[in-house]
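# Got a sequence here, can you build the structure:
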Amino acid sequence: MPPLSMAGLRPPRVLIADDEEVIRRLVCTVLRKAGFEPREVGDGESALQLIREDAVDVALVDVDISGLDGMEVLKQARKVGAETPIIVTSSSASRDAALEAMKSGAFAYVTKPFDQSELLGVVERAARGSRLARAEHPLSPFVGKELSLWEGLGWSERMRKVFTEVERVAPTDFTVVITGETGSGKELVAKAIHQLSRRSAGAFVPVDCGSIPAALFENELFGHERGAFTGADRAQPGKFEVASGGTLLLDEVSNLPTVVQPKLLRALQEKHVWRVGATAPVKVDIRVVAAANQDLATLVEAKRFRRDLYHRLNEFTIVVPSLDEQSEDIVFLAQRFLKQANKELGKGVRSISAAAWEMLLAHSWPGNVRELQNVIRRAALLADGCVEPEHLGIRCGCPSADGRGESSLAPSSVRRPVNTRFDGSVPFKEMVRRAIKRVEQEILMQVLSQTGGNKAKAARILQIDYKTIHNKVKQYGISL
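Numbers count the residues shown, from 1 in each chain. Below you'll find the model as predicted:
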């Protein structure tokens with residue numbers, strides 16, 4: 001994404017709060033070259049003052065800064081309601097420290113020595129979020145009338161890959177298939193594609209393929225003429241015509257009745273539709289986005305979905321990851337949803353207790369982002385000042401070390417069960433892949449904890465090469 005200053009706005013103001021002058025100057029130089037306006041201070045009190053005054057768009061605050069330490073700056077800033085995104089920096093790569101910072105309201109936790117591209121990426125995302133919150137920026141590619149894509153789905157590495165894919169495919173007229181578990185945010189992704197496309201001024205029309213009886217599908221999609229059947233006292237356009245000039249979302253397209261599939265394929269290929277009872281076709285100009293909570297290729301092999309329709313729809317695929325295992329997104333989204341619920345309900349719930357955080361992080365989230373949003377909204381309604389476990393209404397379902405079934409948050413990792421419940425929504429191969437990944441991640445974190453984060457030593461213990469363990473640590477986002 002280009003720097004915000006390229007959009008004709010003033011450069012985003014970024015505070016660098018660190019008592020090491022060399023680091024401040026280095027970071028200032030990097031940010032200035034990237035189009036930001038850096039400001040620097042050497043103590044926590046000065047940093048807090050600038051944040052309270054809303055004098056900066058983003059703040060980089062070191063944990064070990066002189067005076068008020070970075071965590072105290074963060075907590076006091078959140079206590080007084082300051083909304084400036086605060087990125088906590090530290091020379092410690094502790095997973096626990098990172099989670100503690102995120103729980104306290106940090107936008108991100110970045111370790112020293114800084115990776116220049118990573119630092120710029122985090123600051124850029126924080127600056128965009130800051131400006132969108134202040135309504136200073138024109139409609140963002142990732143913002144709709146409801147939750148923006150980044151607010152609704154998070155900023156983890158896997159989600160950033162989705163954002164990149166959305167940006168790449170949206171300006172084209174490719175038909176897109178979005179796959180992901182129920183509640184993972186597929187419709188948000190579809191809306192973002194529409195908003196970024198040349199069709200953004202047109203209608204975005206969602207059709208729930210799972211809720212329309214097979215006998216009514218043709219009428220729903222293509223419409224009917226007056227007198228086409230008993231009760232058809234006037235002509236009515238179908239969803240294809242309503243979406244002409246815009247985007248048609250075929251939600252849960254895996255539920256599309258087989259008798260309708262050839263007619264849908266013909267409409268997509270010929271770019272016109274026949275209303276029920278019509279004697280002439282109606283031209284349509286639409287872009288189709290299809291969403292599915294099942295693997296369409298698997299359904300094709302099972303002869304439950306036409307192969308030719310699958311290939312017509314599948315010009316580009318975006319996979320929306322589940323919330324499972326994304327602890328950084330759970331923390332980020334819980335905070336965003338709490339803020340949203342406070343505004344909706346007129347509440348002033350400011351925090352989530354440590355015990356409630358433990359339960360949120362231990363839960364497996366079978367309903368994904370949608371479930372998390374509902375849980376936080378309910379908790380905000382019930383809580384007064386602070387969300388406690390009893391406000392959440394969930395059971396973490398994870399055994400403790402003593403096997404009594406109580407939730408447990410280990411120092412080096414979040415203990416969460418492997419989900420082996422098969423309900424048909426996720427293919428067997430995908431469930432096995434996720435289970436293997438979870439076990440692999442847990443073993444890596446255990447061994448790295450034993451070695452104090454020494455990857456070379458951990459590689460020897462695991463009998464794998466250093467490059468492999470380095471790539472795995474990066475892949476799983478393990479903080480050392």
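# Next up, the contacts around residue 282.
223, 237, 241, 272, 273, 274, 275 (Cβ atoms under 8 Å, 6 or more residues apart in numbering). Bear in mind the C-beta positions are built from the backbone N, C-alpha and C, glycine included.
# swap the cut-off to 6 Å and go again
Going by Cβ atoms under 6 Å, 6 or more residues apart in numbering, residue 282 touches residue 273.
# And it, how far from residue 204?
20 Å (Cβ to Cβ, to the nearest Å).
# Over to residue 272?
Taking Cβ to Cβ, one finds residue 272 at 21 Å from residue 204.
# which of those two has more neighbours?
Set side by side, residue 272 and residue 204 show more neighbours around residue 204, with 20 against 15, by other Cβ atoms under 10 Å.
# Pull up the per-residue confidence for the residue nearest to the more buried one when sequence neighbours are not counted.
The spatial neighbour of residue 204 that comes closest, neighbours along the chain excluded (Cβ to Cβ, 6 or more residues apart in numbering), is residue 194 at 4.6 Å. pLDDT recorded at residue 194 is 94.
# cool, residue 480 as well?
pLDDT, residue 480: 59.
# which residue ranges form the strands in the stretch 101-250 of the chain?
Using DSSP state E, counting those that start in this stretch, the strands of the stretch 101-250 of the chain run over residues 108-111, 176-179, 204-208, 223-224, 236-237, 247-251.
# swap in the stretch 351-480 of the chain?
So, for the stretch 351-480 of the chain - with DSSP E, counting those that start in this stretch - the strands run 351-352, 386-387.
# out of those, deepest packed?
Of these, the one with the most neighbours on average (mean count of other Cβ atoms under 10 Å) is strand 351-352, at a mean of 22.
# pLDDT weak spots in the chain?
1-10, 129-148, 150-151, 155, 325-328, 395-430, 476-477, 479-480 (pLDDT under 70).
# Apply 50 and report the result again.
For the chain, residues meeting the criterion pLDDT under 50 lie at 1-9, 132-147, 396-417.
# ok, longest helix in it?
When the chain is parsed with DSSP state H, its longest helix is helix 428-450.
# List the buried residues of that helix.
Neighbour-count burial for helix 428-450 flags 430, 431, 434, 438, 441, 442, 444, 445, 447, 448, 449 (criterion: 16 or more other Cβ atoms under 10 Å).
# Just put the residues you listed in a markdown table and tack on distance to residue 100.
Output for the buried residues of helix 428-450, formatted as a markdown table (distance: Cβ to Cβ, whole Å):
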| residue | distance to residue 100 |
| --- | --- |
| 430 | 33 |
| 431 | 32 |
| 434 | 27 |
| 438 | 23 |
| 441 | 20 |
| 442 | 21 |
| 444 | 21 |
| 445 | 17 |
| 447 | 23 |
| 448 | 18 |
| 449 | 16 |
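# Quick check: of those residues, which lies closest to residue 363?
residue 438 (14.4 Å; Cβ to Cβ).
# Against residue 82, how distant is that closest one?
For residue 438, the distance to residue 82 - Cβ to Cβ - is 37 Å.
# Likewise for residue 74?
10 Å.
# Neighbour count for those two, which is higher?
Comparing residue 74 with residue 82 by other Cβ under 10 Å, the one with more neighbours is residue 74, at 28 against 18.
# close enough to count as contact, the more buried one and residue 104?
Yes - here residue 74 lies in contact with residue 104, judged by Cβ atoms under 6 Å, at a distance of 5.3 Å.
# From the contact counts, what lies against whichever strand or helix holds residue 338?
Per DSSP states H and E, residue 338 falls inside helix 327-345. Counting contacts by 3 or more Cβ pairs under 6 Å, 6 or more residues apart in numbering; DSSP states H and E, helix 327-345 is packed against helix 368-382.
# elements contacting the helix it packs on?
Against helix 368-382 (3+ Cβ pairs under 6 Å, 6+ apart) you get helix 327-345, helix 389-392.
# Next, format these as a markdown table and append mean neighbour count and distance to residue 210.
Formatted as a markdown table, these follow (neighbours: other Cβ atoms under 10 Å; distance: least, Cβ to Cβ, whole Å):
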| stretch | mean neighbour count | distance to residue 210 |
| --- | --- | --- |
| helix 327-345 | 19 | 25 |
| helix 389-392 | 18 | 29 |
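# Generate TSV for the ones you listed, with distance to residue 182 as supplementary columns.
Shown next, in TSV, are the helices and strands packed on helix 368-382 (distance: least, Cβ to Cβ, whole Å):
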stretch	distance to residue 182
helix 327-345	17
helix 389-392	20
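# From residue 232, how far out is the residue nearest to residue 227 when sequence neighbours are not counted?
The shortest distance from residue 227 to any non-neighbouring residue, by Cβ to Cβ, 6+ apart, is to residue 277 (6.6 Å). Applying Cβ to Cβ, the value for residue 277 to residue 232 is 7 Å.
# got any residues that touch both of the two?
residue 224.
# so who does residue 43 touch?
Counting by Cβ under 6 Å, 6+ apart, residue 43 has contacts 66, 67.
# how does it look with 10 Å?
17, 18, 19, 49, 65, 66, 67, 68, 73 (Cβ atoms under 10 Å, 6 or more residues apart in numbering).
# The fifth one - how many residues pack around it?
When counting by other Cβ under 10 Å, one arrives at 24 neighbours for residue 65.
# Residue 23 - nearest residue in space that isn't next to it in sequence?
In space, residue 23 is closest to residue 112, 7.5 Å off (Cβ to Cβ, 6+ apart).
# Revised request: answer the last question for residue 188.
residue 152 (4.9 Å).
# what does residue 68 give?
Residue 68's closest residue in space is residue 44 (Cβ to Cβ, 6+ apart), at 3.0 Å.
# what ranges do the helices span in the stretch 201-350 of the chain?
Taking DSSP state H, counting those that start in this stretch to define them, one finds helices in the stretch 201-350 of the chain at 214-222, 239-242, 261-270, 296-301, 307-313, 327-345.
# Pipe the ones you listed into TSV and attach distance to residue 176 per row.
What follows is the helices of the stretch 201-350 of the chain, written out as TSV (distance: least, Cβ to Cβ, whole Å):
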stretch	distance to residue 176
helix 214-222	18
helix 239-242	17
helix 261-270	13
helix 296-301	12
helix 307-313	8
helix 327-345	22
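# Indicate which one of the ones you listed is closest to residue 319.
Closest approach to residue 319 among those (Cβ to Cβ): helix 296-301, 11.8 Å.
# can you give me how far the closest one is from the chain middle?
26 Å (Cα atoms, centre = their mean, to the nearest Å).
# Residues contacting that helix, please?
177, 179, 253-254, 256, 290, 292, 295, 304-311, 313-314, 317, 427-430.
# again, only this time at 6 Å
Outside helix 296-301, the residues touching it (Cβ under 6 Å, 6+ apart) are 254, 305, 307, 310, 427.
# which parts of that helix are buried?
For helix 296-301, by 16+ other Cβ under 10 Å, it's 296, 297, 299, 300.
# What of stretch 15-22?
Buried positions in stretch 15-22, judged by neighbour count with 16+ other Cβ under 10 Å: 15, 16, 17, 18.
# Just the ones in strands from these, please.
When DSSP state E is applied, these are split such that 15, 16, 17 fall in strands.
# And the last one, how far from residue 117?
With distances taken as Cβ to Cβ, residue 17 is found 22 Å from residue 117.
# next one: the first one
The spacing between residue 15 and residue 117, counted by Cβ to Cβ, is 21 Å.
# which parts of stretch 464-474 are buried?
Quick answer for stretch 464-474 (16+ other Cβ under 10 Å): 469, 472, 473.
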